[in-house]
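Participant: Next comes the sequence, and after it the predicted model I'd like to discuss.
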Amino acid sequence: MTAKLIRNAYEAVLTMTAVLLCWAAALGLEGTFGLHTDVLVLAVCLTLTLSATQRTADTRRRLVSLVLVPATAGASIFLGRLIASHYAAGAAVYTLWMALAIWIRRYGLTATRVGTLLALPLVALLVVPGPALPPEAQSGLVTWGWSALTGALACGSVWLVQALGDRFGPWRAEPAPEPPRRPSRLHPRPSTRMALQMAAGIAAAFTLGTLLFDHHWPWVVLTAYVAASGNRGRNDVLRKGIERLAGACAGTLLAVAVAAAGVTGHTSVALMFAVLTVALWLRPLNYAYWAAGMTCALSLLLGYFGQDAQSLLPTRLEGIAVGAALSVASAWWLLPVPRGRTRAAPAVVRPSEG
């Protein structure tokens, strides 16, 4: 266990080094060209999620990432605007996009990785969307070109730090052996089942999210995605939903303690990165640690933007509970995988989830 914790700490440091590098570059762009704070949020989210998917990537996979990530990052800005102006249409496009990213897994491991890259910017879109930002940051969302550049910066930051870590660090990344593909006897195919379950969960989350939580709907949708991502069966979805809710509760208590201590300004930003580092370190042990860290980090971020994050935390927990329940319901009652046959699903390369 000690050796594993040490290796986890090393990987967490690599990831956060890449995050800070990309954040610094985005901060420079923001100051030089008069951009808005969402470019920083996008930079951090993309770098966090890319670090896991690119750790053992070869040159070909990285070139594919360099094309797909900036392109989808730019497209996600238009999707965010569509959701803001025409909620139903934007929600439908978002749902279909996520379902397609899962459905293409039927074409093998390469398609699975492509689907993961297609989903990354859409996950970032949910972390701190326009309505959660202060008015001065909402007046001009980052254009698709700046978003695409941010995606390219995230790729470059991750590759540079990981290459230096492999060159000078104590450990090199070791690609996991690819599991043999087993023909599935499930009908419909596992990828089709997961895509339909994801679509149902996200569509219901968009609907109930706006009805119950107004412009805080992203908390419901994000949890619905996280709980259903890489769905290996009913128990797997239930476990992840419970872990995310438990972690969010722990993160809420931590955030309340931080707010009571009066931490504000740049200190809260530094503390946010420290919390994310610890959460990354402990995440391989249990997903609840990551959920707790993300909940606390987001509350610090909202507090930095001037919102009363402490008063919003109960609402956030309610949204997480609803999103988890929707994912569990879709996995258990919409084309559920028969017990004892969950191993038929293809291997999944999952991003770090917020």
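Facilitator: Cool, the structure landed. Residues are numbered from 1 along each chain as shown.

Participant: check contacts around residue 54.
Facilitator: Contact analysis of residue 54 by Cβ atoms under 8 Å, 6 or more residues apart in numbering lists 61, 62, 65, 155, 158, 159, 162. No exception for glycine: its C-beta is placed from N, CA and C like everyone else's.

Participant: Neighbours of the second one, how many?
Facilitator: Meaning residue 62. Other residues near residue 62 come to 13 when the count uses other Cβ atoms under 10 Å.

Participant: which strands and helices sit next to the helix or strand hosting it?
Facilitator: Here residue 62, judged by DSSP states H and E, is contained in helix 59-85. Under the contact definition 3 or more Cβ pairs under 8 Å, 6 or more residues apart in numbering; DSSP states H and E, helix 59-85 sits against helix 38-54, helix 87-103, helix 109-127, helix 144-168.

Participant: which of those helices sits most buried?
Facilitator: helix 38-54 (a mean of 26; mean count of other Cβ atoms under 10 Å).

Participant: Just want the angle from it to helix 59-85.
Facilitator: Counting by axes from the mean of the first three to the mean of the last three Cα atoms, to 10 degrees, helix 38-54 points 140 degrees away from the direction of helix 59-85.

Participant: Show me what the longest helix seen in the chain is packed up against.
Facilitator: Longest helix in the chain by number of residues (criterion: DSSP state H): helix 2-33. Contacts defined by 3+ Cβ pairs under 8 Å, 6+ apart place helix 2-33 against helix 38-54, helix 144-168, helix 265-282.

Participant: What is the burial count for residue 286?
Facilitator: Residues near residue 286, counting by other Cβ under 10 Å, number 13.

Participant: burial count for the closest residue to it other than its chain neighbours?
Facilitator: Spatial nearest neighbour of residue 286, excluding adjacent residues (Cβ to Cβ, 6 or more residues apart in numbering): residue 243 at 6.5 Å. When neighbours are defined as other Cβ under 10 Å, residue 243 has 20 of them.

Participant: Over to the one 4 residues further on?
Facilitator: Around residue 247 there are 24 other residues, counting by other Cβ under 10 Å.

Participant: Could I get the phi/psi values of it?
Facilitator: Note on residue 247: its backbone torsions stand at phi -60, psi -40 [degrees, to the nearest 10].

Participant: Grab the nearest non-local neighbour of it.
Facilitator: Using Cβ to Cβ, 6+ apart, the closest residue to residue 247 is residue 291 (2.7 Å).

Participant: Contacts for whichever strand or helix holds that neighbour, please.
Facilitator: Secondary structure from DSSP H and E places residue 291 in helix 287-304. By Cβ under 8 Å, 6+ apart, the residues outside helix 287-304 that reach it are 41, 127-128, 132, 240, 243-248, 250-252, 254-255, 258-259, 263-265, 268-269, 271-272, 275-276, 278-280, 282-283, 309-310, 312-313, 316, 352-354.

Participant: For PyMOL, write the selection for the buried entries among these.
Facilitator: Buried residues within the contacts of helix 287-304, by 16 or more other Cβ atoms under 10 Å, are selected in PyMOL with:
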select buried, resi 41+127+128+132+240+243+244+245+247+248+250+251+252+254+255+258+259+263+268+269+271+272+275+276+278+279+280+282+283+309+310+312+313+316+352+353+354
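
Participant: show me what contacts the closest residue in space to residue 125 that isn't next to it in sequence?
Facilitator: Once flanking residues are discounted, residue 125 sits nearest to residue 76: 4.9 Å by Cβ to Cβ, 6+ apart. Counting by Cβ under 8 Å, 6+ apart, residue 76 touches 121, 122, 124, 125, 147.

Participant: ok, now how distant is residue 76 from residue 46?
Facilitator: For residue 76, the distance to residue 46 equals 10 Å [Cβ to Cβ, to the nearest Å].

Participant: Which neighbours do those two have in common?
Facilitator: In contact with both residue 76 and residue 46: 121, 124, using Cβ under 8 Å, 6+ apart.

Participant: before we move on, back to that, closest to residue 208 out of the helices and strands packed on helix 2-33?
Facilitator: Distance to residue 208, taken as Cβ to Cβ, is lowest for helix 38-54 among the helices and strands packed on helix 2-33, at 24.0 Å.

Participant: So residue 216 sits against residue 312, correct?
Facilitator: Yes: using Cβ atoms under 8 Å, residue 216 makes contact with residue 312 at a distance of 7.4 Å.

Participant: with the contacts of residue 76 in mind, which one is nearest to residue 9?
Facilitator: For the contacts of residue 76, the nearest to residue 9 is residue 124 (25.1 Å; Cβ to Cβ).

Participant: For the closest one, give me its contacts.
Facilitator: 41, 42, 45, 46, 49, 73, 76, 354 are the contacts of residue 124 under Cβ under 8 Å, 6+ apart.

Participant: how far away is the closest residue to it other than its chain neighbours from residue 150?
Facilitator: Excluding its sequence neighbours, the residue lying closest to residue 124 (Cβ to Cβ, 6+ apart) is residue 45, at 3.5 Å. Here residue 45 is placed at a distance of 10 Å from residue 150 (Cβ to Cβ).

Participant: Return the set of buried residues in the helix holding residue 291.
Facilitator: 287-304.

Participant: Kindly calculate the angle that it makes with helix 109-127.
Facilitator: 40 degrees.
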